[in-house]
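Engineer: dropping the sequence and predicted coords here.
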Amino acid sequence: MAELEDFTRPRSRRLHHAAAMVTLVGASLAFTGQADAAADPTGSACGYFTNVSLFGGPSTVRGCGQTIPPGTAGSASPSVTLPAAGSTTVISKSDSNGALAQYGPAIIFGGKATATTSPPSGLLKVTTTGTTKAISTALVKNVGPNTFTADQVSSKCTATATATTGTATITNGVVATSTDANGDPTSTVTVPNPTPKNYTVTGSINNVGDTFKIVFNEQVKVGSTVITVDGAHMYLLGPTAVGDMVIAQSKCGH
């Protein structure tokens, strides 16, 4: 039965009682919303993407999130996203033909260059799963073409309602930290394996006058329950090429 207001009480007391009831109901709704949000995991993964401006032009995307044009079928990347209620089975996508991201004359992402060509990367594979714990992974093989090369770049993250973890592995990774007039490396750095969190290498592409920074096993957390792990994140600092290249990205949240 609904409670009838006692109009014999002073008006100020009646208003105070009503305000208290509204406060209690609001608090209850807020708590319920927080509990529901905490119960639903979030997860996604991307093989690679680039977002680059060349010669001062507009930035355009290749890989995850691209449009065609300016991207092509050959620059596309697999990506996955966990449904709102989660998934008890692993959601997986892969591209055995790899990908190549080209901006004008510059190949930003692809496979290891040979003496005569710059082929696409190797296999790209991404997964995500989870209902009470989100787990996402990303894997890219045969990474190139020049400044950074590796046999394999991978990342993995997990998230529960209280904590997150992340890892990344760079296999046989090498960064050319300077080049000669022909673009050939004059100094290199080998990326350690296992790769420490946020391991950073800087360098220059002397033949075009550009500089860059690459962060390996880059981990960005939001609070205690959301994490993004990039196997490799290259910051192109220009002046010719400006933007980002991200390889093997996994995201998890709760």
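Structural biologist: Here it is on my side, so go on.
Engineer: contacts, neighbours, all on C-alpha from now
Structural biologist: Will do.
Engineer: assign S224 to helix, strand or coil.
Structural biologist: Here S224 takes the coil state, with states given by DSSP: H, G, I helix; E, B strand; the rest coil.
Engineer: and it, how far from K112?
Structural biologist: Taking Cα to Cα, to the nearest Å as the measure, S224 falls 37 Å from K112.
Engineer: now swap in A161 and tell me
Structural biologist: For A161 relative to K112 (Cα to Cα), the value is 40 Å.
Engineer: between S224 and K112, tell me which one has more neighbours.
Structural biologist: K112 (22 against 15; other Cα atoms under 10 Å).
Engineer: isn't the more buried one right next to S118, touching?
Structural biologist: Yes: contact criterion Cα atoms under 8 Å: K112 and S118 qualify, at 6.6 Å.
Engineer: which residues do those two both contact?
Structural biologist: Here K112 and S118 have P145 as joint contacts, going by Cα atoms under 8 Å, 6 or more residues apart in numbering.
Engineer: tell me which element the closest residue in space to S79 that isn't next to it in sequence falls in.
Structural biologist: Distances taken as Cα to Cα, 6 or more residues apart in numbering place C46 nearest to S79, at 4.5 Å, with adjacent residues excluded. Per DSSP states H and E: C46 is located in strand 42-54.
Engineer: what mean pLDDT does that strand get?
Structural biologist: For strand 42-54, the mean per-residue pLDDT is 98.
Engineer: pairing partners for that strand, with directions?
Structural biologist: strand 60-63 (antiparallel), strand 79-81 (antiparallel), strand 241-253 (antiparallel) (DSSP bridges).
Engineer: which of these sits most buried?
Structural biologist: strand 241-253 (a mean of 26; mean count of other Cα atoms under 10 Å).
Engineer: who touches the nearest residue to Q66 once chain neighbours are set aside in this structure?
Structural biologist: The spatial neighbour of Q66 that comes closest, neighbours along the chain excluded (Cα to Cα, 6+ apart), is A76 at 7.2 Å. Residues in contact with A76 (Cα under 8 Å, 6+ apart) are 62-64, 66, 99.
Engineer: G243: which of the residues you listed is nearest?
Structural biologist: Using Cα to Cα, R62 comes nearest to G243 of the contacts of A76, at 11.8 Å.
Engineer: so the closest one sits against S53, correct?
Structural biologist: No: using Cα under 8 Å, R62 is not in contact with S53; the gap is 11.5 Å.
Engineer: before we move on, back to that, pull the contacting residues for the residue nearest to S79.
Structural biologist: The contact partners of C46, taken as Cα under 8 Å, 6+ apart, are 64, 77-80, 126, 138, 247-250.
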